[in-house]
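Peer 1: With the sequence up front, the predicted model follows.
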Amino acid sequence: MTATIDEKTVTTGSTEVRTAELSAALDRVIKALPKRPSAPVLSGVRIASDGDGALTIAGFDLEVSIRTRIEGFGGNLPPTLVPGARLRDVLKQVAKRKIEHVTLTRSAGELTVGYGAGSFDLTTLILEDYPQLPEVPAVSITTNYTTLDKMGRVMVAVGRDDTLPVLTAVKLENAAGQVTTAATDRYRLAVSTLATYSEDTWDALIPAGSLKLVLDVLKPAKKTDWLGSAVTIGAIIDKRWGVSMLSFTSGHLTVTTRLVEGDFPKFRALIPTTANVSATFDTGLMLQAVDTVATVAERNTPVRLDTDHARILVEAGSGDEVAAREKVPAEVVGHREGEWTVIAFNPQYLTDGIKAVGGDRQMLSMVTPNKPALLSTSDDASFTYLIMPVRIGG
C-alpha cells in the first residue's frame, strides 16, 4: 500500500528527480490548467512525494484533472502547490544546461529547484485553498489507444454552439463488450462502434474539449505504440443518477472529467437502413475534386453532386451558374433515367466527412435529394457519417 503524507503537519522536505522526466510530466499536467484561472490557486500544480520515493504531479481546473507519477531518488517532498507555468519555464532553462537531475526542496512559502551550482526559488501558492482532486473511478472499460483514437473520430461532427451544451458533447454508450460514440451539430452525425472489454452498461455525455484533451495527453509518442498502449476508462456510476464522472488512464497518467447533463438526440433513428441510389468512388479523387471546385463557391453556397451510371459530376458556382466542375469515376447503383440525379452539400461538411471516414474507397448512400445521405467505407465498418443535404432549386 502506498504511504501518504500528512499535509497539515509536514511543511519541509525535499526530493531528487530526473529533469527530463519532470519536464515531460509537467508538460502533460499543465494542459489541465485554465488559461484565465478564476482563482490564483488554479494556476498551480500540486507536487508531492507519495511515500515510496516517487513524485505525484497534478493539475485541476474544476472540470478536468490530470495527474501522473514519476520515479524519484528518495526523500520526502510534502504536498506543495507551485505556479505551473513558472515551474515549466524554470525546467526549460535547466534542460538547456543539460543537467540530468534537479532537487526540489520545500521550505516556508517557497519551492527551491536546485541544479548543480545554482537554484531557483519559487513562491508557493496556498495549498489549503486548492480544490480536492476528484477520486479516480473504478475501471469499467479496458481497451487501447488505437481504439480510443477511433472513438474520438466522431468529434468531426460535434456542435460549437455553447447555448446547446448537449450538442457540444460526445455521447458515449457502453454495453457489454462494445462502446459507441456519437456526435452531431444537427447538420451532420458521426457514429463509431467498437469492440472493447467491459461487463458494464452505461452511457454518458463527455465534453468534446475534454475528450480532445484526453487523446492529446494519453497519446504515445510513436504511432507504432498505439495498439500496445493499454487504456482503461473508469466511471463513477450511481444507480439513480447514472454516470457522474469518467476517467481515462494509461500507465501512470490519468485524466478525469466532469460530464454534460441533458438528453442527446436519439441518433440511431436518423440513420437510413436503405438507399435508392448509391455511388462508390475513390476517396482521394473525390476529396481532391470537392476541394478544387469549392474554391469558386461563394459563402454558404453548396457543391452539387450529379450522379450518372459511371461517374459523379462535382459542380460548384454562384446561384444557378456553374463555375467549376470535375468528373469522378464511380460505380453507381440505383440510377434511373428521368429520376433525380443531383444532391447538394455544404462543401466543408462533405470534406470533413470524407476525411473522417477514410479508406481507399467510399460509398455515398442516398435516399432522396432532401434526406440525409450516408458516407461509409468497406475498409472500416465501425464508422459512419451522416450529412444533411442543402436544398436546391429545380
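Peer 2: Alright, I've got the coordinates.

Peer 1: Now do the SS call for Val217.
Peer 2: Following DSSP: H, G, I helix; E, B strand; the rest coil, the label given to Val217 is helix.

Peer 1: can you check the one 10 residues further on too?
Peer 2: The local conformation at Leu227, judged by three-state DSSP, is coil.

Peer 1: Tell me which residues touch it, please.
Peer 2: Leu227 makes contact with 144-146 under the criterion CB atoms under 8 Å, 6 or more residues apart in numbering. Glycine gets a C-beta too; all of them are placed from N, C-alpha and C.

Peer 1: If we only consider the residues you listed, which is nearest to Ala230?
Peer 2: Nearest to Ala230 among the contacts of Leu227, counting by CB to CB, is Asn144 at 5.9 Å.

Peer 1: Kindly state the beta-bridge partners for that closest one.
Peer 2: Beta bridges link Asn144 to Ala230, judged by DSSP bridges.

Peer 1: And for Arg325?
Peer 2: Note on Arg325: beta-bridge partners by DSSP bridges are Glu315.

Peer 1: Poorly predicted segments of the chain, please.
Peer 2: 1-10, 239-240, 318-322, 337-338, 393-394 (pLDDT under 70).

Peer 1: Am I right that Met151 is in contact with Gln178?
Peer 2: No. The criterion here is CB atoms under 8 Å, and Met151 misses it with Gln178 at 11.5 Å.

Peer 1: Which residues are in contact with each of the two?
Peer 2: Joint contacts of Met151 and Gln178 (CB under 8 Å, 6+ apart) are Leu194.

Peer 1: Contacts for the longest helix along the chain, please.
Peer 2: Across the chain, the longest stretch assigned as helix under DSSP state H is helix 84-96. Taking contacts as CB under 8 Å, 6+ apart, the residues outside helix 84-96 that touch it are 19-20, 22-23, 26-27, 29-30, 33, 43-45, 59, 102, 111, 113, 115, 120, 122.

Peer 1: ok, of those residues, which come out buried?
Peer 2: Neighbour counting by 16 or more other CB atoms under 10 Å classes 19, 22-23, 26, 29-30, 33, 43-45, 59, 102, 111, 113, 115, 120, 122 among these as buried.

Peer 1: ok, back up a step: more neighbours: which of Met151 and Gln178?
Peer 2: Taking neighbours as other CB atoms under 10 Å, Met151 and Gln178 compare with Met151 leading, 28 against 13.

Peer 1: Grab the CA positions of stretch 270-284 and hand them over as CSV.
Peer 2: Provided in CSV are the C-alpha atoms of stretch 270-284 (Å, rounded to 0.1, in the frame of the first residue of the first chain):
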residue,chain,number,x,y,z
LEU,A,270,-31.8,9.1,-38.1
ILE,A,271,-29.5,6.6,-39.9
PRO,A,272,-31.2,5.3,-43.1
THR,A,273,-31.1,1.5,-43.5
THR,A,274,-31.8,1.5,-47.2
ALA,A,275,-30.8,3.7,-50.2
ASN,A,276,-32.4,4.5,-53.6
VAL,A,277,-29.0,5.5,-55.1
SER,A,278,-25.5,4.6,-54.0
ALA,A,279,-22.2,5.7,-55.5
THR,A,280,-18.8,4.1,-54.8
PHE,A,281,-15.7,6.2,-55.6
ASP,A,282,-12.0,6.6,-55.0
THR,A,283,-11.6,8.6,-51.7
GLY,A,284,-8.6,10.6,-52.8
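
Peer 1: tell me which residues in that stretch are buried?
Peer 2: By neighbour count on 16+ other CB under 10 Å, the buried set for stretch 270-284 is 275-281, 283.

Peer 1: In helices, which of the residues you listed appear?
Peer 2: Among those, DSSP H puts Thr283 in helices.

Peer 1: In a markdown table, list the buried residues of stretch 270-284 along with distance to Thr292.
Peer 2: Converted to a markdown table, those look like this (distance: CB to CB, whole Å):
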| residue | distance to Thr292 |
| --- | --- |
| Ala275 | 26 |
| Asn276 | 28 |
| Val277 | 24 |
| Ser278 | 24 |
| Ala279 | 18 |
| Thr280 | 20 |
| Phe281 | 15 |
| Thr283 | 15 |
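
Peer 1: Now the two most distant members of the buried residues of stretch 270-284.
Peer 2: Taking CB to CB as the measure, the buried residues of stretch 270-284 reach their widest spread between Asn276 and Thr283, a distance of 22.6 Å.

Peer 1: If the closest residue to Val191 other than its chain neighbours is in a bridge, with which residues?
Peer 2: Leaving aside its chain neighbours, Val191 sits nearest to Ala182 (4.7 Å; criterion: CB to CB, 6 or more residues apart in numbering). Applying DSSP bridges to Ala182 gives these bridge partners: Lys171, Val191.

Peer 1: related to what we said a few turns ago, quick one: which of the contacts of helix 84-96 sit in helices?
Peer 2: In this view, the contacts of helix 84-96 that belong to helices under DSSP H are 19-20, 22-23, 26-27, 29.

Peer 1: picking up where we left off before, where's the residue nearest to Val191 relative to Leu215, distance?
Peer 2: Between Ala182 and Leu215 the computed distance is 17 Å (CB to CB, to the nearest Å).

Peer 1: So if I had to pick from these two, which one is more boxed in?
Peer 2: The neighbour comparison of Ala182 against Leu215 (other CB under 10 Å) goes to Ala182, with 24 against 17.

Peer 1: which residues touch Thr147?
Peer 2: Thr147 sits next to 179, 194-196, 231 when contact means CB under 8 Å, 6+ apart.
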